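>>> the amino acid sequence is not available; the structure is as follows:
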């Protein structure tokens, strides 16, 4: 039976993995639109070039001869090579980074590396989970900045943080129920064992985060 994970570094890594999963879905959709646009543009340019080669040849007979009688057939079946756009290159770089992380952690190399990374989080040392969080948050920020997406999470109105007492909590519920977390602001840091944050594991200078089994988070289900 797997030991219940309560360390905040594991919760942050899970939060980051779910946020990046959502951001990559938006990026994949944007890449598909970019590819379609670039294909349409390339087809237009290729068609214009073929039509130019197919232009009528003037002559004294006036019978309308053509320089390339097969040109119209070429136009009908154009499928020019499409070069990857900026969004496609961004998606490729992020996937390569995730694959490198999965390789560094000796995870299965088949398929998309992000689900493997997310599944491995509970098995990581807290220090490794912390480093993984930094990489995943950076990738998430790059996508959201490029696509002008809001940060992941939904503000929770009316509930005070157990540590700072401010009503600035955010729910992270885009993934399956066991991955849900709640965070305060990034500057609301735990002070260690004596912190009133009520996190099961209290680690100095870690931004507060409450996992799926904490009363703050389970209350989300009751309120839904």
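Ah, there it is. Since this is a predicted model, take the numbers as computed values, not measurements.

>>> list the contacts for residue 164?
By C-beta atoms under 8 Å, 6 or more residues apart in numbering, the contact list for residue 164 reads 184, 185, 188. From N, CA and C alone the C-beta is placed, and that goes for glycine too.

>>> what's the local residue count around residue 194?
Neighbour count for residue 194, taken as other C-beta atoms under 10 Å: 7.

>>> that one: helix or strand, and which one exactly?
For residue 194, there is no host helix or strand (DSSP states H and E).

>>> quick one, strands of the protein?
Remark: strands assigned in the chain by DSSP state E are 154-155, 170-172, 181-183, 209-210.

>>> can you list the weak-confidence ranges in the protein?
1-4, 40-82, 221-224 (pLDDT under 70).

>>> recalculate using a threshold of 50.
Within the chain, the stretches with pLDDT under 50 are 1-2, 62, 64, 67, 69-76.

>>> spell out the residue ranges of the helices in it.
8-53, 71-76, 86-104, 113-120, 126-147, 215-223 (DSSP state H).

>>> dump these to a markdown table, plus mean neighbour count and distance to residue 200.
Output for the helices of the chain, formatted as a markdown table (neighbours: other C-beta atoms under 10 Å; distance: least, C-beta to C-beta, whole Å):
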| stretch | mean neighbour count | distance to residue 200 |
| --- | --- | --- |
| helix 8-53 | 18 | 9 |
| helix 71-76 | 14 | 66 |
| helix 86-104 | 16 | 27 |
| helix 113-120 | 19 | 21 |
| helix 126-147 | 18 | 13 |
| helix 215-223 | 13 | 11 |
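
>>> out of these, which gets nearest to residue 193?
helix 8-53 (13.1 Å; C-beta to C-beta).

>>> give me the distance between residue 179 and residue 117.
Going from residue 179 to residue 117 by C-beta to C-beta, to the nearest Å gives 13 Å.

>>> mind putting the contacts of residue 164 in a markdown table, distance to residue 89 and neighbour count included?
Formatted as a markdown table, these follow (distance: C-beta to C-beta, whole Å; neighbours: other C-beta atoms under 10 Å):
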| residue | distance to residue 89 | neighbour count |
| --- | --- | --- |
| 184 | 36 | 23 |
| 185 | 33 | 14 |
| 188 | 36 | 18 |
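
>>> as TSV, the residues you listed with distance to residue 154 would be great.
Output for these, formatted as TSV (distance: C-beta to C-beta, whole Å):
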residue	distance to residue 154
184	14
185	15
188	17
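
>>> and which of these is nearest to residue 137?
Each of the contacts of residue 164 was scored against residue 137 by C-beta to C-beta, and residue 185 proved nearest at 14.8 Å.

>>> among the strands of the chain, which is nearest residue 142?
It is, among the strands of the chain and with distance given as C-beta to C-beta, strand 170-172, at 18.8 Å.

>>> adjacent strands (with direction) for that closest one?
With DSSP bridges as the test, strand 170-172 is paired with strand 154-155 (antiparallel), strand 181-183 (antiparallel).

>>> now, of these, which is deepest in the fold?
Across those, averaging neighbours per residue (mean count of other C-beta atoms under 10 Å) puts strand 181-183 on top, at a mean of 24.

>>> for that strand, the distance to its chain's centre please.
Here strand 181-183 is found 19 Å from its chain centre; the criterion is C-alpha atoms, centre = their mean, to the nearest Å.
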